[in-house]
Structures are given as structure tokens and as C-alpha cells.
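Chemist: Compute the structure for the input listed below.
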Amino acid sequence: MSQTITVKVKLLPTKEQASILQNMSQSFVYTINSLVSEMVAEKKSTKKSSKDISTDLPSAVKNQAIKDAKSVFKKVKKNKFKVVPVLMKPVCIWNNQNYSFDFTHISMPIMMDGKAIKTPIRALLVDKENRNFDLLKHKLGTLRITKKANKWMAQIAVTIPTSEKTGTQIMGVDLGLKVPAVAVTEDGSARFFGKGIQNKSVRRKFKSKRKKLGKLKKLNAIRNLDDKEQRYMKNQDHKVSRAIVNFAKENNISVIRLEQLTNIRQTARTSRKNEKNLHNWSFYRLAQFIAYKANLVGIKIEFVNPAYTSQTCPKCSEKNKAQDRIYKCKCGFEKHRDLVGAMNIRYAPVIDGNSQSA
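Modeler: Numbering: from 1, shown residues only. Here you go, the predicted structure:
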């Protein structure tokens, strides 16, 4: 078994290298758009090769552009030509046979004086999640280079082997707003993750700042603030997911069960005052991060039916609504509401039916 992850690397090109990358990125996107336009007009896939593409790009990059254009056309054809996407953001892609990375430089062929010359460009590994990850021990995939806010970034696809843990130790994880995540193991070990109140306070501050900037009509400042908030939220999701997987490893868990998050915004437990917070928080992203990190250490992820997980009594199966944060049942069972959700998620039916018995 294997999994492909994406590692982020910051590029520090010289002025000349930056200018070349800019031109190549624009040419790459222009080539894709032109090929897609031609294929749509002819209603069939192109048979062009790199020799037929007259643009200032290395042949390997031309071939990648042709491959990407065919992929776009395939999707357009599947949608019966209703929508033809046009790429706008400059980007350039090299396959794994045309570049190398040694943690200090990325070397790839770039156009210099009309020739493709393999050139080392200074690079800095900035991916916090994979900073200690030894890339050189694993298979490197495509290299994608983009420019954002005057900074050049590279994304490297890395395929790593994973081995599924044996055993049937299952842990249920319930996601929420006031408590971002709660996990419960088979032996009753439980842990709360994240700081929902702090997250809400931070989002409230961002909202207040946006309101003030809106009155001043500072649109760029609002966009930058939105990006900053998204980075904060994403970082919180990384911290919570990492802590959940570490907790699973400590308890020898082989399977983590999560709620199926389809339509969670329609079914999630929340009050009217929390509705905006719900729409600002990405449950799906947190679940993705948990799955991503779990798979890296061989822990399987299963998704379950979320129906009544917070209302069903784990002891007698009666349905009750929690009062505030405490769940009480006539049978005498009493627990924190989110703990009840996590306990029931452990036993809930798995969506695809392929599950280990809890």
C-alpha cells in the first residue's frame, strides 16, 4: 500500500531565474488553453506532440502541457461541452524525470538563450507537516511551481509506502464547534481536542476587523485578512488532526471512525447564533487531515452514518436530547454530549459496509 502526499517548498530564485519562471508559467498556461480550445472546436483529442508546440518551453514541459490539456478536454467532453474552463493562474509543471531536489536546491530544465538548461534554484522546505520528512527515501512525483504574493512556491508529489495495522481496536471521533473533536476508544479512554471557544473568539476578531475595513473600502486588506483567517483555521485543523492520530497511536488503534460529513451543515447540532461559525469552519478539511495523517501510520479510516449519534443512549439505545452539554438517559446513563456522539460513532453502521466489528 502507498499514499501520495504533497510537500511545499519555497523557491528563492535570482531575478533572472524569476523572470524565466514567470515567462514559462505564462507560456505553460497559454499552451494548455490553446490546446483545449482547439480540441473543443474539433470535438476530439489532439494528436500533437512537443515538436508541434511552438512556444519557448522545454520539450518535457510541453509534453506535460499536452497531457494536462487532454485531461481538461476529457472533463469538458464528459460534461457535453457545457463549460470550457480557462486557466488563469500562471503555473509550470515538470514530471519526476526532469528535476531533482536535495533540500537546498531544486534543479530543473528552464529556458536560457533559447535552450533548455538544467538549472539549480535555491529552495527551502517550509511544509511544517513534513519538515522532518526524508523525501530522498521516497519516490518523487510531479513538480508544480506557482507564484503567490510575489513568492515562488513549489509543490512536490511524494509517494510513500504505508502498511495497514493489524487488529480490531476501533476509536470513534465526533467533530463539533464548541469542542472541535472528541475521541473515545474501546476501553473507555477519552480525550477532547482543540479549543472551540478560542477559535470562536479569533473568528469574531477577524469579523470585526473586516467590518472596519469594509467601511473604509479597503478590499485588498479584506482579502489579505481572509487569507490570514483561513491559514489560522487550517493550522488549527492540522494541530487537532495530529493530536488525534497521536492519541490513536498511543492506544494501539487500528481503525478510526468518523461521521460521514455529507450535508453536515444541514444536520450538525448548532444554535442560530452558531450558524455563521458552522459555515466558516471546515469539518470536511479536518476529516481529510485526520484521514491523511492516519493513513501515513497505517490506521484505517471508516465513515459511519451520523443519524442520531448524539441522541442515542450507548447503554440502552433510547433516544434523548441533551440538555446543554450533558446527556442524561432514564436508564441512569450520564455523559458529556460529545462523548456520547463519539461512543455511538464507534458502533454506527459504516457507509460502504466494509468495516471491522466494534
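Chemist: Helix, strand, or coil at the residue lying closest to Tyr232 once chain neighbours are set aside?
Modeler: Of all residues not flanking Tyr232 in the chain, Val202 sits nearest, at 6.3 Å (Cβ to Cβ, 6 or more residues apart in numbering). For the C-beta atoms, the positions are set from N, CA and C on the backbone; glycine is no exception. Assigned state for Val202: helix (three-state reduction, DSSP: H, G, I helix; E, B strand; the rest coil).
Chemist: since we're on Val202, how many residues are nearby?
Modeler: Neighbourhood size, Val202 [other Cβ atoms under 10 Å]: 15.
Chemist: I'd assumed Asn235 was in contact with it.
Modeler: No: Val202 lies out of contact with Asn235 (Cβ atoms under 8 Å); the separation is 10.9 Å.
Chemist: so who does Glu31 touch?
Modeler: That one is not Glu; residue 31 is Thr. 53, 55, 57, 62, 65-66, 69 (Cβ atoms under 8 Å, 6 or more residues apart in numbering).
Chemist: Distance from the chain centre to stretch 50-63, please.
Modeler: 31 Å (Cα atoms, centre = their mean, to the nearest Å).
Chemist: Helices of the protein, start to end?
Modeler: Listed in chain order, the helices of the chain (DSSP state H) span 15-42, 59-78, 196-215, 219-250, 264-267, 275-280, 283-296, 337-347.
Chemist: Highest mean neighbour count out of these?
Modeler: By mean neighbour count, with neighbours taken as mean count of other Cβ atoms under 10 Å, helix 337-347 ranks first of the helices of the chain at a mean of 25.
Chemist: Which other helices and strands does it contact?
Modeler: When contacts are defined as 3 or more Cβ pairs under 8 Å, 6 or more residues apart in numbering; DSSP states H and E, helix 337-347 sits against strand 170-175, strand 181-184, strand 190-193, strand 255-259, strand 326-328.
Chemist: and with 10 Å instead?
Modeler: strand 170-175, strand 181-184, strand 190-193, strand 255-259, strand 300-304, strand 326-328, strand 334-336 (3 or more Cβ pairs under 10 Å, 6 or more residues apart in numbering; DSSP states H and E).
Chemist: hang on, the earlier thing: could you redo the helices of the chain as CSV and give each row mean pLDDT and distance to Thr104?
Modeler: Output for those, formatted as CSV (pLDDT from 0 to 100; distance: least, Cβ to Cβ, whole Å):
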stretch, mean pLDDT, distance to Thr104
helix 15-42, 95, 15
helix 59-78, 94, 23
helix 196-215, 88, 36
helix 219-250, 90, 25
helix 264-267, 48, 43
helix 275-280, 47, 39
helix 283-296, 88, 25
helix 337-347, 89, 45
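Chemist: quick one: which of those helices is nearest Ala149?
Modeler: Across the helices of the chain, Ala149 has its closest neighbour in helix 219-250 (8.6 Å, Cβ to Cβ).
Chemist: and that closest one, how far out from the chain's middle?
Modeler: 11 Å.
Chemist: In JSON lines, list the helices of the chain along with distance to Leu140.
Modeler: As requested, these are arranged in JSON lines below (distance: least, Cβ to Cβ, whole Å):
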{"stretch": "helix 15-42", "distance to Leu140": "19"}
{"stretch": "helix 59-78", "distance to Leu140": "15"}
{"stretch": "helix 196-215", "distance to Leu140": "36"}
{"stretch": "helix 219-250", "distance to Leu140": "23"}
{"stretch": "helix 264-267", "distance to Leu140": "35"}
{"stretch": "helix 275-280", "distance to Leu140": "36"}
{"stretch": "helix 283-296", "distance to Leu140": "17"}
{"stretch": "helix 337-347", "distance to Leu140": "37"}
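Chemist: can you tell which of those is closest to Cys313?
Modeler: helix 337-347 (7.7 Å).
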